[in-house]
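> A predicted structure for the sequence below; I have some questions about it.
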Amino acid sequence: MEDKQIYEFGRDKVKVPAWLGYTTSHLWGVENDAVLKIGVSDFFLKLVKEIYFISYDVEVGDLVNRGSAFGSVEGSKSVMYIKSPTEGSIIEINEELYDDPTPLNKNPYGDDGWLVKIKQSVPANLLGPKRYMQVLQVAVDEMEKKH
């Protein structure tokens, strides 16, 4: 059974699985033998509402730097750039999402919901779920100030 923590804001509930790491730009990551698999968090999905299109600016073998955009996600509310949380080389791209981003909309943490895999030359500095929930609280507070 998947271990989940649920962060609630407004009428929405944002899922924050405890077994993943997170970035302040609302990506999730899981590391295995210096390979980082990256996807978008449930909160990222709430920001864009529904993902219509995914674009990658990288190919397998390309090097990425921490903080550099490697693609973008177009949703019903906005276009958001996806920035790498680590340095290394792209070893796999989830190309199935080009044709159909439905797996992300249904479950951004599912087996088909990842974006890329990066062979890290420098370990990612991912946040644990409790720290990420603090980041979410700040983001929600900022959003409420604007409305």
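That came through, no problem.
> any buried residues in the lengthiest helix in the chain, and which?
The residue-count maximum for a helix in the chain (DSSP state H) belongs to helix 129-146. Under the neighbour-count criterion of 16 or more other CB atoms under 10 Å, helix 129-146 has 129, 132-133, 135-136, 140 buried. Placement of C-beta: from N, CA and C, glycine included.
> ok, so of those residues, who is nearest Asp42?
Leu136 (9.7 Å; CB to CB).
> now the closest one, nearest residue through space, not along the chain?
Excluding the flanking residues, the one nearest Leu136 by CB to CB, 6 or more residues apart in numbering is Tyr7, at 5.4 Å.
> the longest strand that the chain contains pairs with which strands, and in what direction?
In the chain, taking DSSP state E as the definition, the longest strand is strand 114-122. Strand 114-122 pairs in its sheet with strand 35-40 (antiparallel), strand 87-93 (antiparallel), by DSSP bridges.
> and the helix or strand following the longest one, how far from the chain's centre?
Next in sequence after strand 87-93, counting helices and strands by DSSP states H and E, comes helix 96-99. For helix 96-99, the distance between its averaged C-alpha position and the chain's averaged C-alpha position is 16 Å (CA atoms, centre = their mean, to the nearest Å).
> on contacts alone, who are the packing partners of helix 96-99?
Judged by 3 or more CB pairs under 8 Å, 6 or more residues apart in numbering; DSSP states H and E, the packing partners of helix 96-99 are strand 51-56, helix 102-106.
> only alpha carbons, please: show it as CSV.
C-alpha atoms of helix 96-99 as CSV (Å, rounded to 0.1, in the frame of the first residue of the first chain):
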residue,chain,number,x,y,z
GLU,A,96,4.3,8.5,-24.6
LEU,A,97,3.2,11.7,-23.0
TYR,A,98,3.7,13.6,-26.3
ASP,A,99,0.7,11.9,-27.8
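> cool, thanks, signing off.
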